[in-house]
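*Asks:* Model the structure of this input:
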Amino acid sequence: EGKEFEVVFVSSDKTRESFGEYFGHMPWLAVTFANDQLKGVLSDMFEVQGIPRLVMVGPDDQVINSCVRSYIMADRQGAEFPWMPRPVNDLSQVSDGLNDGPCLIAFLEAADDEEQAEATSALTQVATAHKAAGGNITFFTSTGQNPIAPQIKQLCSINTQDATMVLINIPDRGAYYVPDSPDEFTVENVSDFIQGFQEKTITRKAMRSRH
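*Replies:* The predicted structure follows:
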């Protein structure tokens, strides 16, 4: 309430009838079904690879958050509007970006509150510097129960229940990387891990098949 912004629906429906049925329940604007060209332009502009996808754009036409859906789902009152991207997100709240590029994930479920806070602080320092330098890695923690963390652990053959971290890159044919010291969440260790990934000096592994 009191937030001034407009919502525009961009459909991926295959028929005019399905578009009309779906959009008929929406109170906002939409790109017309016939305007395939504009839909294509917007999909390319915002690098849409899958749906649903919700992008937040500012009044200056600059992207504020290219994957804002999870932020809004976790903030129904709009307290964090306009939902600027955080350096590090927890998988229990935000998972957008996991399928889009390299992601560093710290599994901290087994750590106590103090250890989680220290690890998150170190990750935040590294993530902030990484983004400022133009890096493309997305950073996540997993501090509590969520359905995504066990799936990633299984795909990456992570059997330990201890705190650990992994870097996944699903678009690169399901690649993942594990640091030499996966349970050391210091700025130095995380930075070295990222450097090894960027310089291709750490071993590339392939995720297990989902089948």
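
*Asks:* Would you check how far apart Pro59 and Phe5 are?
*Replies:* 9 Å (Cβ to Cβ, to the nearest Å). (Each C-beta comes from the backbone N, C-alpha and C, glycine too.)

*Asks:* for the chain, what spans make up the strands?
*Replies:* All strands of the chain, identified by DSSP state E, fall at 8-9, 29-30, 56-57, 63-65, 88-90, 103-107, 138-142, 164-169, 175-177, 205-206.

*Asks:* any chance of those strands in TSV, plus mean pLDDT?
*Replies:* What follows is these, written out as TSV (pLDDT from 0 to 100):
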stretch	mean pLDDT
strand 8-9	96
strand 29-30	96
strand 56-57	95
strand 63-65	91
strand 88-90	94
strand 103-107	97
strand 138-142	96
strand 164-169	97
strand 175-177	97
strand 205-206	97
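
*Asks:* can you redo those as TSV with distance to Cys156 and mean neighbour count?
*Replies:* Formatted as TSV, these follow (distance: least, Cβ to Cβ, whole Å; neighbours: other Cβ atoms under 10 Å):
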stretch	distance to Cys156	mean neighbour count
strand 8-9	36	12
strand 29-30	40	12
strand 56-57	31	18
strand 63-65	27	17
strand 88-90	19	21
strand 103-107	9	25
strand 138-142	13	25
strand 164-169	5	23
strand 175-177	5	21
strand 205-206	7	14
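
*Asks:* Would you mark the buried spots in stretch 141-155?
*Replies:* Residues of stretch 141-155 classed as buried by neighbour count (16 or more other Cβ atoms under 10 Å): 141-143, 149, 152-153, 155.

*Asks:* Only the C-alpha atoms, please, for the helix or strand bottoming out on mean pLDDT in the chain, written as PDB.
*Replies:* The helix or strand of the chain with the lowest confidence, counting by mean pLDDT, DSSP states H and E, is helix 69-73 at a mean of 87. Taking Å, rounded to 0.1, in the frame of the first residue of the first chain, the C-alpha atoms of helix 69-73 are listed here in PDB:
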ATOM      1  CA  ARG A  69       9.800 -12.800  -7.500                       C
ATOM      2  CA  SER A  70      11.200 -14.500  -4.500                       C
ATOM      3  CA  TYR A  71      12.000 -11.200  -2.800                       C
ATOM      4  CA  ILE A  72       8.300 -10.200  -3.000                       C
ATOM      5  CA  MET A  73       7.100 -13.600  -1.900                       C
END
